[in-house]
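Chemist: Starting from these lines, generate the structure:
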Amino acid sequence: MATMTAYLRAASRDDLRSVQEIVRAAYSHYIARIGREPGPMLDDYAALISEGRVQVAERDGVVQGFLVLVPQDDAMLLDNVAVSPEAQGSGLGRMMLEFAERAAVAAGYHAIKLYTNEAMTENVALYARIGYQETHRAEEKGLRRIYMRKTLPRV
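Modeler: Modelled structure (predicted):
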């Protein structure tokens with residue numbers, strides 16, 4: 001049987017458990033590296049879903065990833081993007097990152113920004129490869145973060 005194409009949709013309350021499971025699966029391995037739970041493991045996903053900030057990536061009726069977008073004054077914040085370990089390498093992450101950029105442009109933004117823990121070196125390298133540039137580093141909530149920004153095409 002052929003695998004259906006993944007698609008993104010707004011998360012609903014019914015997706016909360018899937019989102020929380022993906023967060024645990026995608027971020028738990030960083031606990032040893034960071035020495036505590038990464039920021040995304042501490043977020044209130046019920047509130048983010050109710051605020052309409054979460055999009056889920058679904059394939060074959062199963063939520064396999066999600067992203068959180070938060071409009072800010074100067075840019076769209078890509079607050080989180082996570083893919084279940086079983087779906088990593090399938091293109092879902094790239095699809096969600098491209099969606100985030102399109103959503104930012106559609107909302108009138110000329111930039112998208114994000115932050116990641118400095119211990120998540122593979123994420124920093126990925127974001128740099130796709131055009132994000134480091135803007136600064138800071139410690140917040142006891143976590144050492146790297147802030148990055150990508151200029152988007154004007155339409």
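
Chemist: Strands along this protein, start to end?
Modeler: In the chain, the strands defined using DSSP state E lie at 7-10, 54-59, 62-71, 76-83, 111-117, 133-140, 143-151.

Chemist: Could you check the angle the second one makes with strand 76-83?
Modeler: Calculated by axes from the mean of the first three to the mean of the last three C-alpha atoms, to 10 degrees, strand 54-59 forms an angle of 30 degrees with strand 76-83.

Chemist: next one: the last one
Modeler: With the same axes, to 10 degrees defining the directions, strand 143-151 sits at 110 degrees from strand 76-83.

Chemist: For the residue sitting nearest the centre point of the chain, which non-adjacent residue is spatially closest?
Modeler: Residue closest to the average C-alpha location in the chain (C-alpha atoms, centre = their mean): V81, at 1.5 Å. Setting aside the residues directly before and after it, V81 is nearest to L67 in space (C-beta to C-beta, 6 or more residues apart in numbering), at 4.4 Å. Backbone N, C-alpha and C define where each C-beta goes, glycine included.

Chemist: mind listing what that neighbour touches?
Modeler: For L67, the contact set (C-beta atoms under 8 Å, 6 or more residues apart in numbering) comprises L8, V54, Q55, A57, L78, N80, V81, A82, M96, L97, F99, A100.
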